[in-house]
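Trainee: below are the sequence and a predicted model; questions follow.
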Amino acid sequence: MTRRYPADDLAGKIRTRFPDAVADTAPAELYLERDRLRDVCEFLRDDEALDFRALVALNAVDYVDYFEVVYRLVSYRHNHATVLKVRVYERDEPSVPSVTSVWKGAELQEREVYDLMGVGFEGHPNLKRVFLWEGFEGHPLRRDFLLQRP
Amino acid sequence: MTLKTEPITVNIGPQHPSTHGVFRLRVAFDGEVIQDVEPVFGYLHRGSEKLAEERTYTQVVTLTDRLDYVAPMTSNQAYVLAVERLMGIEAPERGQYIRVMMAELMRIASHLMMIGFFLQDMGAFGTPLMYTFREREDILDLFEMVCGARITVTYMRVGGVQADLPPEFTPALERFLAKIPGQIDDLEQLLSGNEILIARTKNVGLLSAEAAINGSVTGPALRASGVDWDLRKSDPYEIYDQLEFDVPIGENGDNYDRFVLRLEEMRQSVRIVRQCKEQMPGGPHRLELPMLLRPPAGDAYGRVEAPKGELGFYLVSDGSIAPYRCAIRSPSFINLTVLRDMLIGWKLADMVTIFGSLDVNMGEVDR
Amino acid sequence: MPVDRLATGCQPLGFWDGMGLWEQWGINFFPRLGDTMCRAMGGATPGGIPDWLIFAILGLAGAFAVVNVAMLGVPYVILLERKLLGRFQHRVGPNRVGFFGLLQPMADGIKLMTKEDITPRVADKLVFSLAPLVFVVPVLLMFAPLPWAPHAVLADLDVGILYIVAVTSAAEIGVFMGGWSSNNKFSLFGAMRVVALVVSYEIPLVLAIVGVVMLTGSLNLAAIVEGQRFVPNLLWQPLGFIVFMIAVSAELNRAPFDLLEADSELVSGFHTEYSGMKWGVIQIGEYAAIIGFSGIIATLFLSGWKGPAPMPGYLWFVLKMGMIISGFIWVRATIPRLRVDQIMNLGWKFLLPLALINIFVTAGEILAYPDGLPVWLIPVNFAFAAIVVAVAARLLGIQGQPRQVVPAPPVFETMASS
Amino acid sequence: MYGEGILKGMAVTLKHLFKKPVTVQYPEERAPMFPRFRGYEFVWYEDRCTGCASCAKYCPLGTIRIETETEPDPNVGDRYGLKVFDIDTGRCMFCGLCVEACPYDALFMGTGFERATYTRPSMVVHIDELRAAKKKPSAYARPHLHGINFEDETSLSSEEAGR
């Protein structure tokens, strides 16, 4: 059974290295500060006891007030998992640091999030639309995107 | 004297016999050798995630059929598990058994398709494809018996399955189970010892375990690289912890391992289906739930080991009858991250086999 | 085509050992008719009809007959292939048009002729239109020296087998013309592949023939058939037969060497852009080559029109050809395709040594037994062939190039390297 | 590595050469149909239908269009007459949710599959067609119909079909 890594424990570990990185904790999730995301991710990947070497999924949700980018991490060796969340309170040009340099698997997923949700990723090597064509207006998965234009 | 040469750029797809749908690869060749690859997606993008926001929880099941149209049952299962996790309920045991049985039959059918097309891409003129389709047809017949459709099954429901097994199902399943091991052996005898196939696949398209993990590769492609990670074992959902089966692991992570691993997984799936049939408990197949579900506000992530890898649904609910956000973690799409690194340096003929060995379904990639 | 042999090929009727009139009046019917006419008119060129005119008319008539046999054979070979492939694949194959689908080739032909003939706008139109002809003509020329029955030869060439080897390799010019002029990258890939393939496989092909020629002492195909007195050459030349069969599959671009039209890689190779009857002509060329080469295999290794039972010679011949064609189809139904570099390695590092070994061994056997090889050599030959093939497969086998290091920077700037 | 793998494979294909083909020659032979098959020709019983439009609400694509009119005769009660009951089978994906949703067993999936047409408008099944069509309901979501074998001429009445 994949163990959920206790969020408080994880937050403590992160705080010893990066005191200002953790914004909040929930029972199973960890809310991170946007600016320290990449450092924290590198730490999570390289730490022997944590060993989150796989980024299973990267999604984004539009909560109208803010965007939430969700990172699902798994350690195949220790069989435990955790969820990181980052909130972005901008609407016009939201962006978070790209984790492509940490996990290559983020490459296409970040492009997808950028394409459909409009959240940019700073430092992504090739951030352009994946599914929709260049020149498409708007980002369809945002809640304010109208399916049928007036 | 040096000749001035430049690479030749070829667009493989979106209409090409071996891109398995409408995939497009821009490839730069130096002679036959691949210099660079750029995958282009989106030809089959239907906006499933956006459509799901406009449907009720039950109606979304019909959308999941159309994600991976080679393995609709597992897509159903992943979605239904996510909703159940969101609502904090669990299907009755008989429903779970039926679901697992269908998922494993689906895995056999999907792997059969992969093997057939993989060998077709390698140039075996249709024969393995015809054999695998013949066996897949039996599985689709079973599905039709159970739910009335072969591909777009819409069979699983939140809290169970749509209908109980019909009386003619068990004998038909027994006939199928008696037949399929021999047919898998036939398939193995047909090609897996073939010198040409070995020359074409051994040590071709290597994917190291490190690269596979870092590239978020899941499913058979990950296991062929030697990583022991199968959600059915490492994070058992439904009743997998009550079943006995092995998870085959590859060694090199080459085309041959990915091919043989799927043959072996099919044998294990046959084992699982047989156990499900023997242990099938009585009782209801479905919880009594209202037609319009209103899960409490919150989010949940449900995942299954689909034939192509980890298929996950990340659902966010705001308490209404439709999901607020339905994000799909599709294995085919994410497995393509490593495609470029696997292809560069190989030849044109290897390109189609490496792409085929990843077993990518464009319906799931573009969603 | 040397015209003089056509007319002088006619000989007195009593020469033939007599299996029935209809067989003696085989394909040589027309030249013989000319001879008869000449004789009836009392010798040379009576009535002002010059010799060359009679030869030309009758030669053309004979060529017309042979070409038509080949052309009519093609649709039915295609049908045979489709039916047999169907059965190998556990399905039925074409069975809708006519009884057992026997009219299917006619329906296909009508469809092809009525189909729109599309020439790509960017194609080199002259070369594009010429390519199917350049492809099909050498293949049809191949039928001239084939002995269908005793003395039923259109052109009884003394250098028959050499002529065939020379003529068939010319067909690849047509392939290259078609691939290049289509202005399509897939076509160009296919054309480049086929040139490399044919150049490599000509050598083992010819070297495998050498063994047979040494046994018979003649390049004349009829003489080679006559030379297989009691047993077919296959029994003396198993190694040569294996090499020749593999080389012929490559020459015919059949599976597992079908990489000029490798449908899963190159869509359909050099004829991607062809449609309508131009495509049909290419198809005719391909399948006529299969018929022709199976005739050559039957002649060289299976004693041509000879057979153990009293049956007309050409029936034996056609039967053997059918068996060989079915073998090709069987291989196609089973075996996947080789990669380009593996095919090259197989040709140069596996077939060429085997062909050379075969020549040396045959020469040794002939030197040791100049008055005819003893019967006990047959099992020895087979055992030797098996051992040599096994050892060569172990040592040389199918080798391919490893993954190549691409030092150049990425061509597409859009995807950064990892 | 002696070529035996190739020979083994060729033995498999040769074995299949002498087996009976598995394909079905469609117009003459037919593959067996299963009772739960979700097919064409929706079966609709007007006398059972109350015009509640559950089916239309439950349809993921909105292919069912229902218009009702109030009963003019007050003595009959508050029954709705149906003016329009159109199913756009050109957009329908035969998921069967409408049948599952019907509380009165008035709508059934059909058992047919041979209804190719040349135009999209002709794929819309109108109320008159539904009324006139032969009733061969499928057992999908109606387990009590399970065992019925339809001949060419059979047509189930609403009493036989319903629960």
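Mentor: On my side now, so go ahead.
Trainee: which residue ranges of chain A form strands?
Mentor: A:3-4, A:22-25, A:29-32, A:54-62, A:67-75, A:80-88, A:95-97, A:120-122 (DSSP state E).
Trainee: nearest to residue B:287, of those strands?
Mentor: strand A:3-4 (25.6 Å; C-beta to C-beta). All C-beta spots, glycine's among them, are computed from the backbone N, C-alpha and C.
Trainee: who's in contact with the closest one?
Mentor: Applying C-beta atoms under 8 Å, 6 or more residues apart in numbering or on different chains, the external contacts of strand A:3-4 come out as A:28, A:78-82.
Trainee: which one (most neighbours) among these?
Mentor: residue A:82 (22 neighbours; other C-beta atoms under 10 Å in any protein chain shown).
Trainee: report the rounded mean pLDDT for the longest helix that chain D contains.
Mentor: If you go by DSSP state H, chain D has its longest helix at helix D:4-17. The pLDDT scores in helix D:4-17 average 79.
Trainee: and stretch D:34-51, by the same measure?
Mentor: 82.
Trainee: again, but for stretch C:85-100
Mentor: Here the average pLDDT along stretch C:85-100 is 84.
Trainee: by mean pLDDT, which helix or strand of chain A comes out lowest?
Mentor: Here the helix or strand of chain A ranked lowest by mean pLDDT, DSSP states H and E is strand A:22-25, holding a mean of 78.
Trainee: mind checking the longest helix of chain B?
Mentor: Chain B, longest helix under DSSP H: helix B:93-121.
Trainee: which residues touch the least confident helix or strand of chain A?
Mentor: Against strand A:22-25 from outside (C-beta under 8 Å, 6+ apart): A:7-8, A:11, A:14-15, A:30-33, A:87.
Trainee: repeat that for stretch B:316-329.
Mentor: Contacts of stretch B:316-329 (C-beta under 8 Å, 6+ apart): A:56-57, A:59-62, A:70, A:72, A:141, B:48-49, B:52-57, B:60, B:67, B:86, B:292-300, B:303, B:310-315, B:367.
Trainee: centre of the chain to it, how far?
Mentor: Centroid separation for stretch B:316-329 versus its chain: 23 Å, with C-alpha atoms, centre = their mean, to the nearest Å.
Trainee: for that stretch, which positions count as buried?
Mentor: B:316-317, B:321-329 (16 or more other C-beta atoms under 10 Å in any protein chain shown).
Trainee: any idea how far the nearest residue to residue B:349 once chain neighbours are set aside is from residue B:20?
Mentor: Closest residue to residue B:349 apart from its sequence neighbours, by C-beta to C-beta, 6 or more residues apart in numbering or on different chains: residue C:339 at 4.5 Å. According to C-beta to C-beta, to the nearest Å, residue C:339 stands 20 Å off from residue B:20.
Trainee: what's the answer for residue D:102, then?
Mentor: In terms of C-beta to C-beta, residue D:102 sits 39 Å off from residue B:20.
Trainee: quick one, which of these two is more surrounded?
Mentor: residue B:20 (24 against 21).
Trainee: pretty sure residue A:141 contacts residue A:116?
Mentor: Yes - using C-beta atoms under 8 Å, residue A:141 is in contact with residue A:116, at 4.3 Å.
Trainee: so what sits against both of the two?
Mentor: Common neighbours of residue A:141 and residue A:116 (C-beta under 8 Å, 6+ apart) are B:49-50.
Trainee: now do the SS call for the closest residue to residue B:7 other than its chain neighbours.
Mentor: The shortest distance from residue B:7 to any residue other than its chain neighbours is 4.2 Å, reached at residue B:28 (C-beta to C-beta, 6+ apart). Recorded secondary structure, residue B:28: strand (DSSP: H, G, I helix; E, B strand; the rest coil).
Trainee: repeat for the one 10 residues further on
Mentor: Classification of residue B:38 by three-state DSSP places it in strand.
Trainee: give me the neighbour count for it.
Mentor: Residue B:38: 18 neighbours (other C-beta under 10 Å).
Trainee: how close does it get to residue B:11?
Mentor: 10 Å.
Trainee: what residues do these two have in common as contacts?
Mentor: Contacts common to residue B:38 and residue B:11, judged by C-beta under 8 Å, 6+ apart, are B:25-27.
Trainee: looking at chain D, which residue is nearest chain B?
Mentor: residue D:5 (3.4 Å; C-beta to the nearest C-beta).
Trainee: hmm, that residue is touching residue B:193, no?
Mentor: Yes - using C-beta under 8 Å, residue D:5 makes contact with residue B:193 at a distance of 3.4 Å.
Trainee: the residue in the stretch 1-150 of chain B positioned nearest to chain C: neighbour count?
Mentor: Relative to chain C, the nearest point of the stretch 1-150 of chain B is residue B:123 (2.7 Å; C-beta to the nearest C-beta). Counted by other C-beta under 10 Å, the residues lying close to residue B:123 total 27.
Trainee: looking at chain A, what residue ends up closest to chain B?
Mentor: Closest approach between chain A and chain B, counting by C-beta to the nearest C-beta: residue A:105, at 2.4 Å.
Trainee: mind checking the SS state of the nearest residue to that residue once chain neighbours are set aside?
Mentor: Distances taken as C-beta to C-beta, 6+ apart put residue B:216 closest to residue A:105, at 2.4 Å, once the chain neighbours are dropped. Using three-state DSSP, the secondary structure recorded for residue B:216 is coil.
Trainee: pretty sure residue B:216 is touching residue A:71, no?
Mentor: No - applying C-beta under 8 Å as the test, residue B:216 and residue A:71 come out as separate, 11.1 Å apart.
Trainee: more crowded one of these two?
Mentor: When residue B:216 and residue A:71 are compared for neighbours, residue B:216 comes out ahead with 29 against 26, by other C-beta under 10 Å.
Trainee: ok, that one - contacts?
Mentor: So residue B:216 contacts A:54-56, A:103-106, A:109, B:334, B:337 (C-beta under 8 Å, 6+ apart).
Trainee: so how far is residue B:225 from it?
Mentor: Taking C-beta to C-beta, one finds residue B:216 at 13 Å from residue B:225.
Trainee: now swap in residue B:100 and tell me
Mentor: Taking C-beta to C-beta, one finds residue B:100 at 26 Å from residue B:225.
Trainee: more neighbours, those two?
Mentor: residue B:225 (26 against 23).
Trainee: quick check, pLDDT for the residue of chain C found nearest chain B.
Mentor: Residue of chain C nearest chain B, by C-beta to the nearest C-beta: residue C:337 (2.7 Å). At residue C:337, the pLDDT value in this model is 84.
Trainee: one step back: can you select the buried ones from the contacts of residue B:216 in PyMOL?
Mentor: Entered in PyMOL, the line below selects the buried ones among the contacts of residue B:216, by 16+ other C-beta under 10 Å:
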select buried, (chain A and resi 54+55+56+103+104+105+106+109) or (chain B and resi 334+337)
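Trainee: ok, the contacts of residue B:216 vs residue D:94, which is closest?
Mentor: residue B:334 (31.0 Å).
Trainee: hang on, isn't that closest one packed against residue A:108?
Mentor: Yes - with contacts counted by C-beta under 8 Å, residue B:334 reaches residue A:108, the gap being 6.4 Å.
Trainee: so what's residue B:334 closest to, chain neighbours aside?
Mentor: Using C-beta to C-beta, 6+ apart, the closest residue to residue B:334 is residue B:216 (5.0 Å).
Trainee: do the same with residue C:246
Mentor: That would be residue C:351: by C-beta to C-beta, 6+ apart, it lies 6.0 Å from residue C:246.
Trainee: do residue B:204 as well
Mentor: residue B:255 (4.9 Å).
Trainee: likewise for residue D:23?
Mentor: residue C:91 (4.5 Å).
Trainee: to which secondary structure element is the one you found assigned?
Mentor: Per DSSP states H and E, residue C:91 falls between elements, in no helix or strand.
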